[in-house]
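> What follows is a predicted structure for the sequence shown.
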Amino acid sequence: MKTILWKEWRENIGWALLGMIGAGLMMTLVLAQNVRTQETIAEDEFTGLIACIGAIIGTAIGFLQVIFETRQGHWAVLVHRPISRERLFMGKVVAGLSLYFAAMLIPFMLCVVWVQIPGNVAGPFYWQMTIPGCIDILAGTPYYFAGMLVARRSARWYASRCLPLVAALFCTFLVLVIPIAKLAILTIVVFDIVMVTSVRGAFIKGGEIRAQGVFSKTSLTCVLLIGLVLSGVFIVITVASFLPAPPHTDTQMQPMERLSYKPLRDGRIAVIKSLGTERIAVDDKEGNPIPDMIPIPGAKDPLEQLTPPQTTLIIKPSDIRIRDYRYRYQIRHLRANLGTVEQETWYYLPDVGRFVGYNIPTRTLIGSIGPEGFAKPGETRTDRFAGERLWQNPEGPIFGLFATTKAIYQVNLTLRTAIELFEPEDNDQIIQIGSIVKYINHSPYGMMGGYGMGMEAQETDYEYAGYAISTNHGLILLDNNMNILARHVPEVDTATYGWMHIYKLDEPDRYVLWFNPDSDAIDEDDKESTTPPYRVEIFDVNQGLISSFELPTDTRTFYRWPNIDTTIEPYWGLISPPAPLLLLTALPTYMYTEIGYTQALLKNSLDIVMGLCMLIGAIAGLVGNLWIGHRNALAAVPKTVWAVLGLLLGPCGILLMLCMQDWPARLRCQDCGKPRRVDRMACEHCGASFPTPPTDGTEIFDQAGDSQELEPAI
Amino acid sequence: MTDTVIQTDRLTKYFGSKCALLELSMQVPRGCVFGFLGRNGSGKTTAIRMLLGLLDPTRGSATIFGHDSQQLPDNVRGKIGYMPEGHPFYRWMKAKEAGRFQSGTYPKWNKDLFEAVLEHFGIGPDDKVKNLSRGMRAGLCLALTLATEPELLILDDPALGLDPVARHAFLESMIYVTREKRCTIFFSSHLLSDVERVADRIAVLDHNVLKACCCVETFRKQIRQVILRYEDVPIDSARVMSMPGMLHCVHIGNELKLTLVNANGEVDEALNHVGASSIEQVPLGLEEAFLAYLGDKGERTSFFDKVGASQ
Amino acid sequence: MKPNLTIKTGSPTPIYRQIVDQICLAAATGEMQPGDAIPSVRTLAERLVINPNTVAKAYNELRRDGVIESQPGRGMFITDKRDVLTKSERVRRIQPLLDALAEQSVMLDLDNSELHKRLDQALKQVGKPPASGEKP
């Protein structure tokens, strides 16, 4: 074993060193660039670089470690020795992984050491900042095994040989998406186990699929299936992006007439009727027309002028913006905050519960700010901001608001002071705070109209109308100085209504509370009829709830992913039947989709096309695999299993079976005349064995006695 | 009593739809030097790789020392010295590192022998494999193989591309190995003079099929060349061609040169009655016998004849 | 070391036959005297780079013909018996060579007296007259 390790290390150390130097250079370059913007080793730019380099170095080491020994003679030199192939493989993996980690970790650790030395970076250092980088380095190990598998598995280069790399790519994708570090590591470990099992099988059998164990075959099946399906989807998306975009539905081609609602400053609810993007009529809720609401080019929008100040709040307690809690999101640990102070940068450290500031030119620590004020470096303070920092710091008439789940402070970084402005009652948790505001733009073209069009930049005025805070026990309305005006517990189910608008009317102390159906509540069922309606409450600070009513939901547009403007998805069924199902059921739960579009998809008989495609795909898979099974004369059980896989996976299943099955030559049987496999002793049809090669009388064989003709030694 | 070291039973290999070896059944007794002959592409290397478990047979089986080739235990593999075709080894290694690698993975290591063979081939311990000449590299491979003191030596075309001096050294080593009575050598080669010198027995593959497996002497004896002289020039060769064991016959003027295999008294008797005025037996060397045996069957043997005919 | 054997590969004569012939000749010409030791099988095999079994085969034939004898524990030696072969056997063995000689002389158009003279000379050279002992 020692000798094997020595040989593998000695053989590949050159590549590893090359990788290490390359990785070191790239890391240094990116770090040097990012240090100027106070971003360091936990930034996406840096960890993304590590993920890329890790993938390249991992693939390279795995590939190079094996490829030179796949040539017949070299393979024999390696494996023909009194050491089992399992041990040889283990030696290779231990040596290869240690080289990989050395190549990646040494430059990374040097970067970490440099970053954590005070005076190098104008920012704090936490060991947690190294987690994303470490996980990205770990995410290179599936590439290492994929590289080995690519090199060792016997397959055609233009066909399935490189598929393991796609599977490794998928692992990286998952690691980037998964918000929890432990889960990401688990994902990598699972991928590694599957990969290493299939590589081990390929290595021990010299690359042949035949005679591999059940585990390695299953693992290889998984790896190839992931590769096949992802490649298929990728190909479809690529092809679709080159196709002319067909219309989703007829309704999208022709401007659709639709209704939308908007409260006005005077308390009326405007019912806006529009055709496409064009506003054609505005009525109030009772059906009386509101005149002069159609915009005239070159003049200010009359409807815009009647819009009250407003804010938007999340009210659902469980609706945590998980993006902010991802382990690789640096802001989870620290955050530049609350306006800019010349030459200084400030971070909030949740673990300490304080702000720390750094001088940018000297990159030195200025001090920290807690609820009790400023502390110089070296001073020990135990006061900390209570609760968890909220994901967004509110703007508004009060400068430097800082909100946690437990309190709202005004933090002035210039004066280095902190004042507590608001604290909810016991057990209340602040969900969100918003400033009720209206932007008044002096440009007739709207907010952005003045920019980029050669016109002078227009000033924006703000009409502030107090603050609103959502807690897990209801709503709190405050004035511009953070004095509580009213508390209100809305009569809505926050499971259905996840977020709301708050409009401040011209009439003193009067608000419109506008509850919106939560996206989760809609996505569970795409039918328009079951989408909950808007719930609107008119609330007065003094009189409490004045009235409440419901309005039908209008069509809203969300982001769709992947953002391709075609109706190609139903045809995914031709690649693999479950693919479009995935799109319609699994994907929208995690990815926003255009609800109207999905509905249109079902409504406009595209579901028939989709079903047809899925059916065709499934039948093709079934027939294909049955034929291959028949051709290869498989036994009943594997034949059935493959037929079912074909039915489930469609053409992908056929490709999978071709990857996983030998393709033995066939000869016509002498006895029964049917084609039979050459790799079976007995004919699968009639049980006859193969004939011995014909003789023509020119053979020379010793008689039985002659074979002992060795001379006695003298 | 001699026991069997290598045994194959209907060993067959297809690459895709192409047959590389068909139904090879043979035995190699212990202690013998076995020459494995055949033209390029006749399946020698394929057979050897299957013997060593480096390749799965399509069907059939092979055993070495009584163990199935596909599941050779480590210690059995340790008893087999194998030199693959073309003498490959890790190009980055120095000779002494190659020795270190080999000695670290084999239970037996005869350091003196290793150094002696290296010296014989003029290889210094610090020479890198990639800088060695072909003959030297072969010598290194030989040293690495011999130093593990194998009981069975399998050499795949060891003389390929070697100069006469290196080849001679190689043969000497093979003779040296047979000093150990139980050591068996199984080697493939194209060089009939080498085979004649060292082999006890030979097996001949032709078009992936085993055509002969016998002692060297038997092979030579069984192939005979006969020259029939005729008085009248138009020769009726049809009667001659239909004889059993006829390999080929060539017209040269008023002569017919016949090559026969397995000719017995009956054939001699028949030859006396084909109308030839004189019959001459031509003794054959091993190389000629081999050429005659594996050359094109039929009435012509030289493919230059066609060239000559067209000019 | 006696005898000075050389072997030729690729010739129609098998290697073991070449050894037998050369040792017989050496014994017959007196190059090797009765009682001279001949190399062991292994030594000769390694010297000539041929398979020891081939040497053993040659030695067995020589022993059968009575040209050499083995003394257990000491090795093998040339015997002093000369006419181990019957007359008819000796004639049978020489006959093909005589035929060839006759054939060649006809082909080369040598007259008979010339041929006889040359043959006598050649016989004298290999020491056909009874051994005087000191001839090289």
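That came through, no problem. Numbering: from 1, shown residues only, chains lettered A, B, ... in the order given.
> Could you use CA atoms for every contact and neighbour count after this?
Noted.
> give me the residue from the stretch 251-400 of chain A nearest chain C.
A:R328 (73.6 Å; C-alpha to the nearest C-alpha).
> Any idea how many residues pack against C:L48?
For C:L48, the count of nearby residues is 17 (other C-alpha atoms under 10 Å in any protein chain shown).
> same deal with A:I117?
Count around A:I117 with other C-alpha under 10 Å applied: 11.
> likewise A:G434?
By other C-alpha under 10 Å, the residues close to A:G434 number 22.
> would you list every one of the strands in chain B?
Secondary structure of chain B by DSSP state E: the strands cover B:4-15, B:18-29, B:33-38, B:59-64, B:67-68, B:80-83, B:152-156, B:184-188, B:201-206, B:209-215, B:223-229, B:246-252, B:255-261, B:278-282.
> And the longest helix seen in chain C, what's buried?
Looking across chain C with DSSP state H, the single longest helix is helix C:87-107. The neighbour-count check on helix C:87-107 (16 or more other C-alpha atoms under 10 Å in any protein chain shown) flags nothing as buried.
> on that earlier part again, nearest to C:L97, out of the strands of chain B?
strand B:278-282 (14.3 Å; C-alpha to C-alpha).
> per-residue pLDDT, residue 96?
Picking chain A for this. Looking at A:G96, its pLDDT reads 96.
> meant chain C actually
For C:P96, the model assigns a pLDDT of 83.
> okay, now B:E119: neighbour count?
15.
> circling back: which helices and strands sit right next to the longest helix of chain C?
Helices and strands touching helix C:87-107, as assessed by 3 or more C-alpha pairs under 8 Å, 6 or more residues apart in numbering or on different chains; DSSP states H and E, are absent.
> Could you pull up phi and psi at B:H87?
With angles defined as degrees, to the nearest 10, B:H87 sits at phi 50, psi 60.
> Please name the residues that touch it.
A:73, B:137-138, B:141, B:158 (C-alpha atoms under 8 Å, 6 or more residues apart in numbering or on different chains).
> nearest residue to B:Y230 other than its sequence neighbours?
Closest residue to B:Y230 apart from its sequence neighbours, by C-alpha to C-alpha, 6 or more residues apart in numbering or on different chains: B:A276 at 4.7 Å.
> From A:Y143, how far off is that neighbour?
78 Å (C-alpha to C-alpha, to the nearest Å).
> go on, A:V239?
Per C-alpha to C-alpha, A:V239 is found 27 Å from A:Y143.
> and what of B:P150?
Counting by C-alpha to C-alpha, the gap from B:P150 to A:Y143 is 40 Å.
> what's the answer for C:L25, then?
Distance from C:L25 to A:Y143, by C-alpha to C-alpha: 75 Å.
> More neighbours: these two, which one.
Using other C-alpha under 10 Å, the more surrounded residue of C:L25 and A:Y143 is A:Y143, with 32 against 15.
> How is the residue of chain C at minimum distance from chain B assigned, secondary-structure-wise?
Across chain C, the shortest distance to chain B (C-alpha to the nearest C-alpha) belongs to C:P12, at 3.9 Å. For C:P12, the secondary-structure state derived from DSSP: H, G, I helix; E, B strand; the rest coil is coil.
> Which residues are in contact with it?
For C:P12, the contact set (C-alpha under 8 Å, 6+ apart) comprises B:283-286.
> can we see that at 10 Å?
B:220, B:282-289 (C-alpha atoms under 10 Å, 6 or more residues apart in numbering or on different chains).
> Next one, pLDDT for the residue sitting furthest away from the middle of chain C please.
Each residue of chain C has a distance to the centre, and by C-alpha atoms, centre = their mean the biggest one is for C:D109: 29.4 Å. For C:D109, the pLDDT comes out at 85.
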